[in-house]
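A.B. asks: Pasted the sequence and its predicted model underneath.
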Amino acid sequence: MFRHKSFREYLAGVELVRKVKRTSGHLDSLILGFGDDWWEEPIKFFLAQEDEETFDLFMEKLFDSPLSSAFTLKQQLLLQTIIEEAPEKKVDALCRKLLDPSNTSERQRVILDCLKAIGKPEALEALQQFKVKGLARNKDITDRSIEVFFALGGQKSESSEVNADYILIPGGSYICSVSNTEVQVGNLYVAKYPVTNKRYRSFIASLQHENPEHGSPVTPASLSSELNTLAEHESWGKEFHDYLKEGNDLASLFRSKYDEDRKFDGDDQPVVGITWYAARAYCLWLSMLEGETCRYRLPNEVEWEWAAGGRQGTTGKEVRKYPWPDEKGEPTSKLLNYDGNVGATTPVGSYPEGATPEGLYDMAGNVWEWTDSWWNEKTRLYRVLRGGSWDSHAEGCRSACRSNGTPGNRGNFVGFRPVFVP
């Protein structure tokens, strides 16, 4: 017996390529094992060596199978990995399946996520037909389809009422869990998801070129100048100057510590391994792309709690216990990624059942999120974290739960989401 498991899995993948070239019928038995631990690596190796026609046939058979009516989270994660690692991809089968009126909402969501991950504009026509025919099963699917349409290069119309990136959270008042007093929050646009690796890598890429012609009007020099100016401001902390002096290469300074870690580096997984300083620099970069310096920022913890929990409770002033509506009850694996049940971060938006009523995803679990608030205003050593993470217990994922981290923390359980005030 050859006992090297990884190499055995690779050889199994090679053999699958040979057999499928003779008859596509071998795909049927392969799909029956989709999601089984034994078949996971051979399937990856197999599709990593195939052409776009076989990829398309695999997707056709997969979404024709009973499995696709209710994919498990594990199967969805495997599907995302396959798409990322397959060298040649085609969207024809996925587009045909998207327009099937018999689809379940779950199948529609997974197909849309696949199209977004593949990233080919050839899917735009199918997405347009999907909208015109009114095939979306619910509001989440409608919003997601528009988001994918924009992501693939579709043009935003002036009449579009859906912002694919940010959601308006109307202002109001509530009893803050920290001060136990009533506070007022203004209107606020909050990012629908935590910042993903894909979006964050665009930021890092822009810091690797001094010439704006490489795609960004913001140069490393201009960003560095603004950062040094902001570092003079007390709220950034006295140690920020020292942080900037760690290296002149901003791309290296701000790059995610887990950018090449297979468990955490998926395009649609939330970026982790970035400091509070890097999160603030990203917000500054977003602002400068629009000709400003403070349009985007991190939320303070009062704003974050309001966005996550809203106004709820017997007096109408407390926030919801968890971000989802109270009637959904306590945390489960259908509502969020927590308690180590997956063992890593998951692609943003993987838990539509756990979204807030306004449509914010992953406000509980997946990653703790940096805020702009100090844990203690007097000592100013730690920044407040909110939301819990993939390895947090249920209590840590409550809307009112707080944690903290030093601004230089680069753990694999902390990310962020920007906000802006209209």
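C.D. replies: Alright, I've got the coordinates. Here the structure is a predicted model, which is why all the values come from computation and not from measurement.
A.B. asks: so for the top strand by length along the chain, what's the average pLDDT?
C.D. replies: Ranked by residue count, the top strand of the chain under DSSP state E comes out as strand 368-374. Averaging pLDDT along strand 368-374 yields 96.
A.B. asks: Run me through the strand neighbours of it, direction for each.
C.D. replies: strand 383-386 (antiparallel), strand 414-415 (parallel) (DSSP bridges).
A.B. asks: where's Glu122 relative to Leu30, distance?
C.D. replies: Using CB to CB, to the nearest Å, one gets 26 Å for the distance from Glu122 to Leu30. Just so you know, the C-beta spots here come from the backbone N, C-alpha and C atoms, and that holds for glycine as well.
A.B. asks: on that earlier part again, quick check: which of the strands paired with strand 368-374 is nearest to Asp261?
C.D. replies: strand 414-415 (14.0 Å; CB to CB).
A.B. asks: now the closest one: how far from the chain's centre is it?
C.D. replies: With CA atoms, centre = their mean, to the nearest Å as the basis, strand 414-415 stands 11 Å off its chain's centre.
A.B. asks: contacts for it?
C.D. replies: 194-195, 270-272, 274, 345, 366-370, 385, 389, 405 (CB atoms under 8 Å, 6 or more residues apart in numbering).
A.B. asks: Between the residues you listed, which sits nearest Leu360?
C.D. replies: Using CB to CB, the contacts of strand 414-415 come closest to Leu360 at Pro194, 10.0 Å.
A.B. asks: surely Thr371 meets Leu385?
C.D. replies: Yes: here Thr371 reaches Leu385: they are 7.0 Å apart, a contact under CB atoms under 8 Å.
A.B. asks: tell me the contacts of Ser350?
C.D. replies: Counted by CB under 8 Å, 6+ apart, Ser350 has contacts 73, 76, 337.
A.B. asks: Flag the shaky bits of the protein, pLDDT-wise.
C.D. replies: 1-4, 21-24, 156-164, 210-216, 234-238, 246-248, 312-316 (pLDDT under 70).
A.B. asks: domains for it, by residue range?
C.D. replies: 5-151, 165-422 (automatic domain parsing).
A.B. asks: check contacts around Leu98.
C.D. replies: Taking CB under 8 Å, 6+ apart, we find Leu98 in contact with 108, 111-112, 115, 126-127, 130, 135.
A.B. asks: any idea which of those has the most stuff around it?
C.D. replies: Among these, the one with the most neighbours (other CB atoms under 10 Å) is Ile111, at 29 neighbours.
A.B. asks: ok now do that one, which residues does it touch?
C.D. replies: If you count contacts by CB under 8 Å, 6+ apart, then Ile111 has 63, 94, 97-98, 103 around it.
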